[in-house]
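# Okay, here's the prediction I keep looking at, along with the sequence it came from:
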Amino acid sequence: MAHLTIQGKFGLVIPTLNEAGNIPNILRKVQEVLFASGVNYEVIIVDDDSHDGTGEIVAKHAETDGRIKLLTRKGKRGLAGAILSGWQFTDADLLGVMDADFQHPPELLRDLLAAMSNGADLAIGSRYVRENGTAGWNPARRLISSAGTWITLPLQHRAIRVKDPLSGFFVVRRSCIDGIPFHQQGFKLLLEILVRARIAHVTEVPFHFGVRRSGRSKANIRVAMEYFALLGRLSREAILRTSPQ
């Protein structure tokens, strides 16, 4: 397999909370893909003080491989904050994030990085580019997801509107987000990046959203409330930007 031409380093953040059943295999597979791609990389596991041994497993891997980093957050929760903390923990030029539960296929990392090497500012693993991206979901889940995506359209810039603005699997250039004070709360950082960052070229790479292999989903009513709070903040900011001074 030919190596990718990537300038600089790639820093991949994998947020975890009680993912001991998944983390050994996800680390192994991610490293296989990145090593075969020939990129300079590091993987930052940002653990929200798991109580199932996740941090200890990662620490053992880090002892034998300097490309694996562990950042433990004590007394903190929230996906966006974990991602941002991980990105601050690395000096990488390309910044990525993916889940630890195999719902995001590690093999797609190569395609996302290929899009970045072809000039994208942001490469998104998209569930909605192809019709089968959410195959296996029940109708209620599909409806809720579609509605949550649809209501973002007024917030997205017309020139770079995407089909999956709520994806949690993406790569962005550090230069596009440097200096922007993103919100630490919430689970939909990509939407805020699309609205607030300096993005000119976006590529969506299709994938099928897989089945969690181990552990429990973190989705709950608090996640939904934080999402609507984010929509409110971004809407107010948009109104302020367009209001006459």
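Alright, I've got the coordinates.
# next structured bit after the helix or strand bottoming out on mean pLDDT in the chain?
In the chain, no helix or strand scores lower on mean pLDDT, DSSP states H and E than helix 139-150, which sits at a mean of 60. Counting by DSSP states H and E, the next helix or strand C-terminal to helix 139-150 is strand 170-173.
# Show me what the helix or strand following that next one is packed against.
Counting by DSSP H and E, the next helix or strand C-terminal to strand 170-173 is helix 174-177. Helices and strands touching helix 174-177, by 3 or more CB pairs under 8 Å, 6 or more residues apart in numbering; DSSP states H and E, are strand 94-97. From N, CA and C alone the C-beta is placed, and that goes for glycine too.
# what residues does the strand it packs on touch?
6, 8-15, 83, 86-87, 109, 112-113, 116, 168-174, 177, 189 (CB atoms under 8 Å, 6 or more residues apart in numbering).
# Just the CA atoms of it, as PDB, please.
Taking Å, rounded to 0.1, in the frame of the first residue of the first chain, the C-alpha atoms of strand 94-97 are listed here in PDB:
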ATOM      1  CA  LEU A  94      -3.600  17.800  11.500                       C
ATOM      2  CA  LEU A  95      -6.000  17.100  14.300                       C
ATOM      3  CA  GLY A  96      -8.500  14.200  14.300                       C
ATOM      4  CA  VAL A  97     -11.000  12.500  16.600                       C
END
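# Just checking: what are the partner strands of it?
In the sheet, strand 94-97 lines up against strand 9-16 (parallel), strand 170-173 (antiparallel) (DSSP bridges).
# Columns mean pLDDT on top of the ones you listed, output as a markdown table?
Output for those, formatted as a markdown table (pLDDT from 0 to 100):
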| stretch | mean pLDDT |
| --- | --- |
| strand 9-16 | 97 |
| strand 170-173 | 98 |
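# mind giving me a markdown table with those strands and columns for mean neighbour count?
As requested, those are exported to a markdown table (neighbours: other CB atoms under 10 Å):
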| stretch | mean neighbour count |
| --- | --- |
| strand 9-16 | 25 |
| strand 170-173 | 24 |
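# Distance from the host helix or strand of L70 to the middle of the chain?
For L70, the element it lies in under DSSP H and E is strand 68-72. Centroid displacement of strand 68-72 relative to its chain, using CA atoms, centre = their mean, to the nearest Å, is 17 Å.
# List the buried residues of that strand.
Within strand 68-72, the residues that count as buried by 16 or more other CB atoms under 10 Å are I68, K69, L70, L71, T72.
# Columns pLDDT and distance to R196 on top of the residues you listed, output as JSON lines?
As requested, the buried residues of strand 68-72 are exported to JSON lines (pLDDT from 0 to 100; distance: CB to CB, whole Å):
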{"residue": "I68", "pLDDT": "97", "distance to R196": "31"}
{"residue": "K69", "pLDDT": "97", "distance to R196": "27"}
{"residue": "L70", "pLDDT": "97", "distance to R196": "29"}
{"residue": "L71", "pLDDT": "97", "distance to R196": "24"}
{"residue": "T72", "pLDDT": "96", "distance to R196": "28"}
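# And the furthest pair within those residues?
I68 and T72 (13.6 Å; CB to CB).
# Spatially nearest residue to D65, not counting backbone neighbours?
Distances taken as CB to CB, 6 or more residues apart in numbering place Q31 nearest to D65, at 7.7 Å, with adjacent residues excluded.
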